[in-house]
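> have a look at this prediction, sequence included:
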Amino acid sequence: HRHFRRQRQMCIRDSFNPVNNMSGFHLQERFFFMPGFPQMAHPMIDEVLSKYIPEAGKLYTKGFIAQCGEGKLQDLMLDLPREIELSSLPMMNGTTPSVEFTLSAKDEALMQKHFKLFTDFLENEKIEHRLL
């Protein structure tokens, strides 16, 4: 617990947000959490990309926007293998929650397989969504 706290504090202290200095943090150098607005998050994402993913190489990417909260898709998120990168941006359309998801991977077949798990779930649950 003490190690986790120290690692989180170091990351927060090193993050840069030009709008209001609200910090981001990471878990296991794999899950990165940023403030919500692009003007705040963009410089922090640039830092993450250069510091933790300097040799990203070609990634295959697909995305969707779903009319639900992130919690609805949490089980699928937790089941993703390490080779899949997930980006999630929660939003509100009036009073309706929605979320923009993007999956990326170097292995196109692996990314397609897991992307299909998400879209099949959305269709089975009759959750409105559109592909990006």
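Everything's here; your move. Only a predicted model underlies this, so the values are computations on that prediction, with no experimental measurement involved.

> so for this structure, the centremost residue is which one?
For the chain, the residue nearest the mean C-alpha position is S87 (2.2 Å; CA atoms, centre = their mean).

> skipping its backbone neighbours, what lies nearest that one in space?
Distances taken as CB to CB, 6 or more residues apart in numbering place T102 nearest to S87, at 4.2 Å, with adjacent residues excluded. Heads up, the C-betas are built off the backbone N, CA and C, glycines and all.

> the one you found reaches T61, doesn't it?
Yes - applying CB atoms under 8 Å, one finds T102 in contact with T61, separated by 5.9 Å.

> who touches the strand or helix carrying S104?
When elements are assigned from DSSP states H and E, S104 belongs to strand 96-105. The contact list for strand 96-105, computed with CB atoms under 8 Å, 6 or more residues apart in numbering, reads 59-70, 73, 80, 83-92, 111, 114-115, 118, 132.

> try it again at 6 Å.
Here strand 96-105 makes contact (CB atoms under 6 Å, 6 or more residues apart in numbering) with 59-67, 69-70, 83-91, 111, 114-115.

> what helix or strand is the residue nearest to the centre of the chain on?
Taking DSSP H and E as the definition, one finds S87 inside strand 85-93.
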